[in-house]
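**Student:** Sequence below, structure please.
(one chain, ligands or ions: 2)
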Amino acid sequence: MVTVRIGVIGTGAIGTEHIRRVEQRLSGGKVVAVTDISLDAARRCINALQLDARLYDSEDDLLQDPSIDAVIIASSGPAHEGSVLKAIDAGKYVFVEKPLATTVNGCLRIVQAEERTGKRLIQVGFMRRYDPRYMALKSEIKSGRYGAPLIVRCVHRNAHVDERYTTEMAVLDTLIHEIDVIRWLIGDEYVSVQVLYPRGTRYAHARLQDPQIFNLVTQSGVVITAEVFVNCQYGYDIQCEVVCEDGVISITVPKLLDIFRTGFRAQPLMQDWKLRFAEAYDAELQDFIDHVGRGDEPAGPSSVDGYIATLVGEACVLAQVSGEWVTIPRPEEDLIVKDSLGYGRL
Ligand SMILES: NC(=O)c1ccc[n+]([C@@H]2O[C@H](COP(=O)([O-])OP(=O)(O)OC[C@H]3O[C@@H](n4cnc5c(N)ncnc54)[C@H](O)[C@@H]3O)[C@@H](O)[C@H]2O)c1
Ligand SMILES: O[C@H]1[C@H](O)[C@@H](O)[C@H](O)[C@@H](O)[C@H]1O
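**Tutor:** Residues are numbered from 1 along each chain as shown. Ligands and ions are numbered 1, 2, ... in the order given. As a prediction, the model looks like this:
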């Protein structure tokens, strides 16, 4: 096992978190270089973490560094496609945050470029697949004890978002986690989607309709209702309830503490994704580093998983605009076969 030398493109919120975990918590990896379109952001990150890493002026320079084995791409979604394609060209392994790319065609260009190299290079940051609670939920469903899943109810709430966050981002930035994790949980593909807009919260910015309800139907007829509410004010709240023929299995808000005080019983809530999914982020990156360090291909969520999530996401955006039920195109057959899920297996 060799130490995996990692370059990081994008040193904002999660880029910095990922660097911290590689440097301070995980084993087998070392961040040797960073870059960001804002060099100030990159310098801030180097200083904050006291990194012993080179600062490159551009991703092109970073990707030409022959000492780098793998890159973590944690820039904003629309920048992912260009960086992933260049990284593939440079022969680097790639861990890319979600979404793989913000268009279906962009995802297909990535899938095809990876395919031309003859091996898997890419892992997409769908970290919920590594979350102990989602893993336990999947293994319960798989056990068969509860019969077939019939309905899935999801809640995805953020405390607040800034003015850059638009109605459309509720899909590719936020709902995309549910899109990926539910097809992974129940081993089914989506066929149609409808979006409902409840009364909007007064906390939403001008370009954002908030909250939103997404109703998705799968091939076998499972109905998924997902609430996305990104200005809920009170904290980070991720829930998932799977209603099956012989029982109900659910993930609710994890308990941090029970506080008893002057007539109250209270439980503090996590405020964002950093804490709620800390174990999952650690596990997904460790898995990536372990595979690359052994000379194996990454085994986590693949570029095809990323393509399917964006394919479904684009249909969700159409449904946002049209207000109608929208048919979700079936992913290309030969790609489904290569999907890391092992399509049809549960
Ligand atoms: N898996 C998760 O739970 C999770 C959590 C947070 C963010 N994310 C994803 O990670 C990505 C980054 O999100 P964030 O919250 O850290 O955003 P952020 O705005 O805090 O950071 C993004 C950084 O990327 C830089 N950047 C933008 N375009 C770039 C380019 N072309 N080249 C290099 N750097 C560029 C910005 O200057 C900024 O420093 C997004 O895709 C987001 O969806 C995933
Ligand atoms: O990028 C973040 C991240 O993916 C979080 O997990 C999600 O809850 C937020 O809505 C999104 O903006």
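
**Student:** Measure how far stretch 187-196 is from the centre of its chain, please.
**Tutor:** 18 Å (C-alpha atoms, centre = their mean, to the nearest Å).

**Student:** An error on my part: the question was meant for stretch 66-74.
**Tutor:** That offset, for stretch 66-74, works out to 19 Å (C-alpha atoms, centre = their mean).

**Student:** in the top helix by length along the chain, what's buried?
**Tutor:** Counting residues, the longest helix in the chain under DSSP state H turns out to be helix 303-322. For helix 303-322, the neighbour count (16 or more other C-beta atoms under 10 Å) marks 303-320 as buried. Where C-beta positions appear, they are placed from N, C-alpha and C, glycine not excepted.

**Student:** ok, residue 7 to residue 65 distance?
**Tutor:** The spacing between residue 7 and residue 65, counted by C-beta to C-beta, to the nearest Å, is 7 Å.

**Student:** Which one's more surrounded, those two?
**Tutor:** Set side by side, residue 7 and residue 65 show more neighbours around residue 7, with 27 against 16, by other C-beta atoms under 10 Å.

**Student:** in this protein, which helix or strand is least confident?
**Tutor:** helix 333-338 (a mean of 64; mean pLDDT, DSSP states H and E).

**Student:** Any regions of the stretch 201-346 of the chain where pLDDT drops low?
**Tutor:** Filtered on pLDDT under 70, the stretch 201-346 of the chain yields the residue ranges 333-334, 336-346.

**Student:** ok, for whatever residue of it ends up closest to ligand 2, nearest residue in space, not its chain neighbours?
**Tutor:** Using C-beta to the nearest ligand atom, residue 273 is the residue of the stretch 201-346 of the chain that sits closest to ligand 2, at 3.8 Å. Leaving aside its sequence neighbours, residue 273 sits nearest to residue 236 (C-beta to C-beta, 6 or more residues apart in numbering; 6.1 Å).

**Student:** and the one you found, how many neighbours?
**Tutor:** 19.

**Student:** now residue 329
**Tutor:** Neighbour tally, residue 329, other C-beta under 10 Å: 13.

**Student:** Roughly how far does it sit from residue 311?
**Tutor:** Residue 329 is 6 Å from residue 311, by C-beta to C-beta.

**Student:** Report whether stretch 310-330 contacts ligand 1.
**Tutor:** No: shown here: stretch 310-330 not in contact with ligand 1 (C-beta under 6 Å from any ligand atom), separated by at least 11.9 Å.

**Student:** can you tell me the distance between the two ends of stretch 46-55?
**Tutor:** 8 Å (C-alpha to C-alpha, to the nearest Å).

**Student:** Make sure residue 319 is actually in contact with residue 193.
**Tutor:** Yes: using C-beta atoms under 8 Å, residue 319 is in contact with residue 193, at 4.8 Å.

**Student:** Which residues are in contact with each of those two?
**Tutor:** Contact criterion C-beta atoms under 8 Å, 6 or more residues apart in numbering; residues shared by residue 319 and residue 193: 214, 325, 326.

**Student:** ranking these by neighbours, who comes first?
**Tutor:** In the shared contacts of residue 319 and residue 193, the most neighbours by other C-beta under 10 Å go to residue 214, 23 neighbours.

**Student:** Chain neighbours aside, what residue packs nearest to the residue in the stretch 51-200 of the chain that ligand 2 sits nearest to?
**Tutor:** Proximity of the stretch 51-200 of the chain to ligand 2 (C-beta to the nearest ligand atom) peaks at residue 174, 3.6 Å away. Spatial nearest neighbour of residue 174, excluding adjacent residues (C-beta to C-beta, 6+ apart): residue 228 at 5.3 Å.
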